[in-house]
Every structure is written in structure tokens, then in C-alpha cells.
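[1] take this sequence and fold it.
(chains A, B, C and D)
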Protein chains: 2
Amino acid sequence: MKLGQVTIVDIAKELNISPSTVSRALKDYPGISDETKEKVKALAAKWSYRPNAVAMSLRRSKSFTIGVIIPEVVHFFFSTVISGVEEIAFSNGYNVILCQTNESLAREKSSIETMLSNQIDGLLVSFSKETVDFEHFKKLIDINFPIVFFDRVPDLENTVNVTVNDFQGAFEAVKHLIAQGCTKIVHLAGPKNLDISKQRQKGYMEALKQANIPLNQDWIIECPKGTQEESFQITKEIFEKSPVPDGVFASNDIAAAGSMMALKSLGLKIPENVGVVGFSDWQFSAMIDPPLSTVSQHGFNIGQTATKLLLDLIDKKKEAITTREHRTIVLETELIIRQSSQRKKF
Amino acid sequence: MKLGQVTIVDIAKELNISPSTVSRALKDYPGISDETKEKVKALAAKWSYRPNAVAMSLRRSKSFTIGVIIPEVVHFFFSTVISGVEEIAFSNGYNVILCQTNESLAREKSSIETMLSNQIDGLLVSFSKETVDFEHFKKLIDINFPIVFFDRVPDLENTVNVTVNDFQGAFEAVKHLIAQGCTKIVHLAGPKNLDISKQRQKGYMEALKQANIPLNQDWIIECPKGTQEESFQITKEIFEKSPVPDGVFASNDIAAAGSMMALKSLGLKIPENVGVVGFSDWQFSAMIDPPLSTVSQHGFNIGQTATKLLLDLIDKKKEAITTREHRTIVLETELIIRQSSQRKKF
DNA sequence: TTGTATGCGTTATCAC
DNA sequence: GTGATAACGCATACAA
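    Residues are numbered from 1 along each chain as shown, chains lettered A, B, ... in the order given. Predicted coordinates for the structure are as follows:
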């Protein structure tokens, strides 16, 4: 019984055969006698031989590892996505190596470098809020490196993206608020440099337009940080002015929750005085008071879809199919109506 | 300008020097002329040379990668831990490769195999609820493989563990409930095979004992799944019987939330009729109605601490210090008092 | 059916 | 100061 890592050579020596025979026996190559196979496999099992994936990576120029770059792990949506990624990757024999950027561009760049150094076969990215220039991604795309963007997608050519229909999701959320009798609806918008923020804002505007409600630019407020405190503050300021709004559409649930706290502190009732809808369906959203209506993005599904696409790209690359197509998969959102917006029942 | 991966050999050829010289120049080895260094570094930069970490791993038998095994990514506590792990790993030049077991033992085993195959330098583990036999870990510990357990720690010798003081946390939570006037306190316990569950239950019992409150075994109910639905159901059943309890101490916040919903549905007021305290301080806990009192575990800190310990173990192994010590770092918890348990103010 | 030789990219150890 | 060589563990083209 050997200590530490047993190699193919150890087995070969013990059985007085060549390493290549061992290698072939272990992989059921045709043209190896059953007897040899048996012997090799038995000893491999006995010594609990474990192939060295690093050596295989080097030899075959393939690591069976994909990298995932996300802004933050501690973010319900992203952790859901990771879960989906991990699921598909694992069942296809791939490993997942993870880096969070903490919304920093510098960290994003260095993480990518490290991952490339580690010979990842492909990359899954949701870039940071600081990322406005996409050169570091463009370089990879130009050399046809498999990469799939999700949720936050760049304005670049020849990319493969997975997003949800943010426009439609926002549109329906606001349409719902209007149907519930809201006419003065504030939009707590996300960071301006993210396309998802723009789309959600567009959806908001389109819903107002279709209902012939005039747009009040003062009621579109950017929440760059997206924290509760921020939206708490912003909501307070707006609702202390006149005219007082009767609806809030927040671009994420955390902002919505902060907003709800502010409304409560002002003595306003939800949904009677103000209807509120968020975005993302965080885990807490069903549990707060009142339960928050929101737009679900199905993060698990995004993760799965993005990973499947990435594995496709990796396979295609292997087959030397170099025609790279630009593709964006848009998954549908789902409006989840809870109490925070149900004014018609009250 | 070369396409694809540039190697040390490419640079050597271009400059008509040997690969070893290039290697040394890049790492500022003594005994290389400044001129050569300049030339090499310039070309490396120009061609954006990126060292092949896989080749280095093979050569040096060190991958600068650590594996993390957790039950679920979509679990606020664990995602917080990951965040801490990633932080320390990254700043020490290590990569993090992640596998979730989904609470399955089979998956736990195969994940570990894969990671070992990938030559990880160390392992961070919080094992699955199914894991009652620790042979697969024992094997690793016996060969002195660097491994640190966190949160859920095994009953094995010579392990390095990071936990929080679950006993003390539970003790203080229940003591607080008693101080708030609760005398009939139910305990929604965690899975029996986890030490953390046992500790929390002990803390619960000790607090009762010190207050001379007789223990009612019927009021310790195991919630093996830990879902909201489960604790909702269990709570309903208990509170429909007589005598009706006036306090709930749940071994996690999700269970507490489910319990609170059940209480509300029974027309009971929180905290007036029933005081509730949870465990873990999930993100949603401050936002539900009423805000949930809970015991914070400081997951980020756990992740950081465990990773630091692991890197220590890895370094020690390198130095061939083989005296393995058994060590358990116990981090303190923090009782966070919110409305769900504040009966004295009402 | 099996063995030999070579190379994946890097670096430590000699040698010059 | 620099170069040649071997080795990390494995897979495979080519021999036998």
C-alpha cells in the first residue's frame, strides 16, 4: 500500500508492464487482454489510484474547469445562479472555479487573468458595476475564447448572452401597479451603466405611456449602490415633497424593502396608500411585511442555461467550428403578486 | 503577435536564448544580465505572456487551489462563508473551487474525489446532513492532507475545526426569552446528526435549567429539513394543543419564519403572545414582520478564519512539520434583539 | 496484444 | 551569465 499519490508508473512497475499498457487498461482501450485489464484495475482499486487531473490537463490542453465571475456571492440572485451553474457543470464532469469581484473592475481583470492562467476551458461572466470599458473581454472574444455573459451583458459584437426580459418584466410590474389604481409611480432605478437598469426603466416608461400617464423625470431616481439605506433615504425625501406618489417600482427587492421601511416610518400604509413592486424575488421578499410583489428572474434557470451554452461553445471550439454567432437568450420573467401591491382587494 | 497561448519557449526562440534563461529572467533570478531581463520582459509584455498554472502545478506539485465543499450555495449563511473564504484565498494567491453537495453524501464523496484529482492543496468542508460516517474524511486526515471543517464539524481526532459557540448562542437566546417573560418555550431543533443541533439544544436546556423551568420533552421537536413549510406545520400542531406555549426558539431563521407565519395564522401576536428567536441572522430576518431576533454567526468571519487556518496547514505541510494538532476555533455568536422577542416594551 | 518514445509548459540541477 | 537536460503524470503515434 503506497502512501500519497499513486501513479500509473507505480502500477506499471508493480505488474512489470509498461505505463502505456496501464493507461490503456484503465480506459478500456480495445486491444488489451482481459487478463491485463483485470490485473491493472484490481491493483488500481487496491491502491486507490486517482488520475492526476493536472497532468491530464497539461497533456490534453483541456482542464474541464470553467470559471465564474460574479460581483458578489452574498446576493440571493447570484447565489441562485451559481447553484444552477454548479448543477450543470458537475453533471457534465466540469469543475467550477469562482471569483467575486466585489463590484471592482481591477479585481475583475485580475481574476480573469488568474483563471486564464489556470487554463479554464470557458468563462461565465456577470461584470462589475465599475465595468464600462469591455476591452478585457473583447480580447478574449477576438481569439474565440468560450465566454458567456449573463444578467449583465456587454455592448459588444459576437457575444453569447443570457438575460431575462427586463423590459417586459418591468413593464408588467408597472402595468400591474397601474391596474391597481396607482397613477403617481416612482421608479427607483439601478446603476446607469448596466443595461438591465436601462431596460427596466424603459419598461417603466412604456407602461406609463400606454396608460397615458405623463412621465415625471423627478420620479426616476438612480440608486447606484442598491442598498436599503440608500433607498430608505431617497424614498423619504420624495414622499415628503408634494405631490405625494402612490406607487413605487424598485429595480431590486433590497431597494424596495428599504423603501417600504421609509414609507412605514412616514406613516404611509402599504399597499393602501402606496403600492410597491420590486425586482428579483429575493428569498426574504415573501416574508417581509407586507409580502413584497416582485418580478422573478429565475436565477437557477439562468445559471443552467448559461452553463449549457458555454459547454456548447467549448465543444464547438474543439470541433474547430470557428464561426462565432452572436446570440442572446432572453428568458422570461414572472410577475409575482403579493400583498404589497394588491390595492384592489383592500 | 502570436495567437493563443504564448509559452516560454516561444519567447526563447524569438530572442535566440534558452527557455531556462527566459524562465529565470521573468522571475528576477540573480545571475541574469539586466539586458536579458529587459528584453525578455518586454517581449513577454508585448506578447502578453501568461504563465501556464497547470504546468506549474504539475512541476511543483502545488496547485494554489483550495476546494470548498458546502451543502448549498443558496443559503445565506454559506454564501457569507464563501465570501470570506474567497476573500482570504484571493489575497493569498489561491483559487477557490466550489462544490455543493445538496445535502447528499454520495455527492460529497464524489466531489472530494474530483477535487483531489485536481490536486487541490487543501479542503474546506461543511458536510452534508446525510453524513454520519466519516471514513472518507478520516482517510485524508490520516495521510495528513490539509483539511479544515467549519460549522458542521465531525467527531474525529486530529481535525482542525471552526465553529461558533452554538451552545452559548442558544443559551443566551433562550435566557433572553425567559427574561422577556416566556416560560413555556418550544425548541424547533435541527437535524439530530449535526453537532451544531445538539449544542443548540443543550444551550436551550441549560437556560431552562438555570431558570428552574421544568423541561418538557414534547416541546423539543426536530425539524430535519429545516424548511419553512415544515416548521409551519409543526408549529401549528403544537400551538393547537394545550398548554399553549409562549415562546419559540428555532435552530435557524427559516424555521423561525415558518413558525411565525403559523403563529399569525392562528391569530397569535408576536411578541405579545409568543416571543420568537431564531438562529443565523439571515438577510431577511431584519425585514420580516416583526423583525426577527436571532443569533448571528458571523459567517464571513468563519470563512476567513477557516481559510487562514487551512493556509497555515498547507504551509506547515510544506515545511514537513507533520505533528498534526487537534484544534477547534470557537467563534463567539452575537444575540441580535429585534422586535419578535421584545415583550417587555409592549 | 504490448512496449517505446515523445511532448504538454515549466523549472531545478547540473554543466559550461 | 547562460544553456542543456530531466522530470512532474499522462496519453498517444508509432513500433514490434
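[2] phi, psi of the residue of chain A positioned farthest from its centre?
    Within chain A, the residue lying farthest from the chain centre (Cα atoms, centre = their mean) is residue A:16, at 51.6 Å. With angles defined as degrees, to the nearest 10, residue A:16 sits at phi 60, psi 40.
[3] ditto for residue A:65
    The phi and psi torsions at residue A:65 (degrees, to the nearest 10) take the values phi -130, psi 130.
[4] what's the spacing between it and residue A:93?
    Look at residue A:65 and residue A:93: by Cβ to Cβ, to the nearest Å, they are 10 Å apart. Just so you know, the C-beta spots here come from the backbone N, C-alpha and C atoms, and that holds for glycine as well.
[5] ok, which stretches of chain A are strands?
    Remark: strands assigned in chain A by DSSP state E are A:65-70, A:95-100, A:122-125, A:147-150, A:160-164, A:185-189, A:220-222, A:247-250, A:275-277, A:294-296, A:327-331, A:334-336.
[6] between the second one and strand B:95-100, what angle do the directions make?
    Think strand A:95-100. With axes from the mean of the first three to the mean of the last three Cα atoms, to 10 degrees as the basis, strand A:95-100 and strand B:95-100 are set at 120 degrees to each other.
[7] who are the packing partners of strand A:95-100?
    Under the contact criterion of 3 or more Cβ pairs under 8 Å, 6 or more residues apart in numbering or on different chains; DSSP states H and E, strand A:95-100 touches strand A:65-70, helix A:76-91, helix A:105-117, helix B:76-91, strand B:95-100.
[8] likewise for the first one?
    Using 3+ Cβ pairs under 8 Å, 6+ apart as the contact criterion, the elements in contact with strand A:65-70 are helix A:76-91, strand A:95-100, helix A:105-117, strand A:122-125, helix A:299-318.
[9] recalculate using a threshold of 7 Å.
    helix A:76-91, strand A:95-100, helix A:105-117, strand A:122-125 (3 or more Cβ pairs under 7 Å, 6 or more residues apart in numbering or on different chains; DSSP states H and E).
[10] contact partners of the shortest one?
    It refers to strand A:122-125. Contacts to strand A:122-125, defined as Cβ atoms under 7 Å, 6 or more residues apart in numbering or on different chains, come from residues A:66-69, A:85, A:115, A:146-150, A:306-307, A:310, A:313-314.
[11] who does it pair up with?
    strand A:65-70 (parallel), strand A:147-150 (parallel) (DSSP bridges).
[12] and residue A:162, bridged to which residues?
    Going by DSSP bridges, residue A:162 forms beta bridges with residue A:150, residue A:329.
[13] how many other residues sit next to it?
    Residues lying near residue A:162 (other Cβ atoms under 10 Å in any protein chain shown) number 27.
[14] could I get the contacting residues of it?
    Residue A:162 neighbours (Cβ under 7 Å, 6+ apart): A:148, A:150, A:302, A:305-306, A:309, A:329, A:331.
[15] I figured residue A:25 hits residue A:42, correct?
    No: Residue A:25 is not in contact with residue A:42 according to Cβ atoms under 7 Å; the separation is 10.4 Å.
[16] more neighbours: which of those two?
    For the pair residue A:25 and residue A:42, the greater number of neighbours falls to residue A:25 (26 against 11), based on other Cβ under 10 Å.
[17] what distance do you get for the nearest residue to that one once chain neighbours are set aside to residue A:105?
    Nearest residue to residue A:25 in three dimensions, chain neighbours excluded: residue A:40, at 3.8 Å (Cβ to Cβ, 6 or more residues apart in numbering or on different chains). In this view, residue A:40 and residue A:105 are 51 Å apart by Cβ to Cβ.
[18] same question, residue A:140
    Distance check for residue A:140 against residue A:105: by Cβ to Cβ, it reads 16 Å.
[19] and residue A:202, how many neighbours?
    Using other Cβ under 10 Å, residue A:202 is surrounded by 14 other residues.
[20] also residue A:192?
    Counted with other Cβ under 10 Å, residue A:192 comes out at 12.
[21] that older thread, mind putting the strands of chain A into JSON lines with mean pLDDT?
    Listed next are these as JSON lines, based on pLDDT from 0 to 100:
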{"stretch": "strand A:65-70", "mean pLDDT": "97"}
{"stretch": "strand A:95-100", "mean pLDDT": "94"}
{"stretch": "strand A:122-125", "mean pLDDT": "97"}
{"stretch": "strand A:147-150", "mean pLDDT": "97"}
{"stretch": "strand A:160-164", "mean pLDDT": "96"}
{"stretch": "strand A:185-189", "mean pLDDT": "97"}
{"stretch": "strand A:220-222", "mean pLDDT": "96"}
{"stretch": "strand A:247-250", "mean pLDDT": "98"}
{"stretch": "strand A:275-277", "mean pLDDT": "98"}
{"stretch": "strand A:294-296", "mean pLDDT": "97"}
{"stretch": "strand A:327-331", "mean pLDDT": "93"}
{"stretch": "strand A:334-336", "mean pLDDT": "97"}
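[22] residue A:313: what's it in contact with?
    Contacts of residue A:313 by Cβ under 7 Å, 6+ apart are A:122, A:146, A:148, A:160.
[23] out of these, which is nearest to residue A:268?
    Lowest distance from residue A:268 to the contacts of residue A:313 (Cβ to Cβ) belongs to residue A:148, with 43.0 Å.
[24] between residue A:40 and residue A:105, point out the one with more neighbours.
    residue A:40 (24 against 16).
[25] from memory that one sits against residue A:22, does it?
    Yes: between residue A:40 and residue A:22 a contact is recorded at 5.4 Å, counting by Cβ under 7 Å.
[26] tell me how many other residues surround the closest residue to residue A:23 other than its chain neighbours.
    Residue nearest to residue A:23 in three dimensions, not counting chain neighbours: residue A:8, with 5.6 Å by Cβ to Cβ, 6+ apart. A count of nearby residues for residue A:8, using other Cβ under 10 Å, gives 21.
[27] in the stretch 151-300 of chain A, which residue sits closest to DNA strand D?
    Of all residues in the stretch 151-300 of chain A, the one sitting closest to DNA strand D is residue A:160 (27.7 Å; Cβ to the nearest atom of the strand).
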